[in-house]
Structures are given as C-alpha cells and as structure tokens.
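# Mind looking at a prediction? Sequence and model below.
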Amino acid sequence: MIWYVIKLVVLLPLIGAMIWGSLRLSQRLQARMGAPVAGRTRSVRVVETCMLSPTQRLAVIEFHGREILVASNRHGLTRLAEVAAPADAHWDEVQ
C-alpha cells in the first residue's frame, strides 16, 4: 500500500507537468504555423464569424479586395454573397 502511495505522489505531478508542457508546446507551434512569412502578406483574411448553431457558422472572408459571405457546416462551405471590400476598412487595427 505504501508503494502505491509513493508511486502516486511521484507520478501524478510528473504526468501533470507533461500535460501542461504538451499544451504549451502545441500553442507555440500553432502560433508559429499561423504567423505569416516575413516579407509576405496574406491574401485571405477572416473578417468576422457568427455561430448559427453548433454545426453551422457564417463567415465573412476578405480575398483580393472582395468580401465573401460563406456558410460553413459539417458538409463544407457554401458561398452566399460577394461584394467589393470597403476601401477604408483597416482590419489590422481590429484584430
């Protein structure tokens, strides 16, 4: 019984530290993967999203000077509307 308690006291914090470390590592890798390459600008930008239900979402995507309204669900994306992006919009300030 004492051997079980000793293993529990030693291994439980070790497992917790490994979980915490893997979460931190995954956050860093996700941030690094999402960062643009130096000298390159992104041509696609998600302007706004809105959840309609747990499986459906509306999103406004800016792509090459156009704003595209898309619906996203488990079956894929559907383009709903497309308009010219406003020239005075500064999305970098919002995000």
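Everything's here; your move.
# Which of the helices or strands spans residue 79?
strand 76-84 (DSSP states H and E).
# what residues go with each domain of the chain?
1-35, 40-87 (automatic domain parsing).
# out of those, deepest packed?
Of all the domains of the chain, domain 40-87 carries the top mean neighbour count, a mean of 12, counting by mean count of other C-beta atoms under 10 Å. Just so you know, the C-beta spots here come from the backbone N, C-alpha and C atoms, and that holds for glycine as well.
# Run the chain-centre distance for that domain.
Centroid displacement of domain 40-87 relative to its chain, using C-alpha atoms, centre = their mean, to the nearest Å, is 14 Å.
# which regions of this structure lie under the pLDDT threshold?
34-40, 88-95 (pLDDT under 70).
# need the helices for it, in chain order.
2-34, 91-94 (DSSP state H).
# Can you check which of those gets nearest to residue 72?
helix 2-34 (18.3 Å; C-beta to C-beta).
# list the helices and strands that closest one packs on?
Here helix 2-34 touches no other helix or strand, going by 3 or more C-beta pairs under 8 Å, 6 or more residues apart in numbering; DSSP states H and E.
# and that helix, how far out from the chain's middle?
With C-alpha atoms, centre = their mean, you get 23 Å for helix 2-34.
# measure residue 7 to residue 51 for me?
Residue 7 is 45 Å from residue 51, where distance means C-beta to C-beta, to the nearest Å.
# same thing with residue 23?
In terms of C-beta to C-beta, residue 23 sits 24 Å off from residue 51.
# do residue 57 as well
For residue 57, the distance to residue 51 - C-beta to C-beta - is 5 Å.
# Residue 73 contacts residue 55, correct?
Yes. Contact criterion C-beta atoms under 8 Å: residue 73 and residue 55 qualify, at 5.5 Å.
# Kind regards, and thank you for your time.
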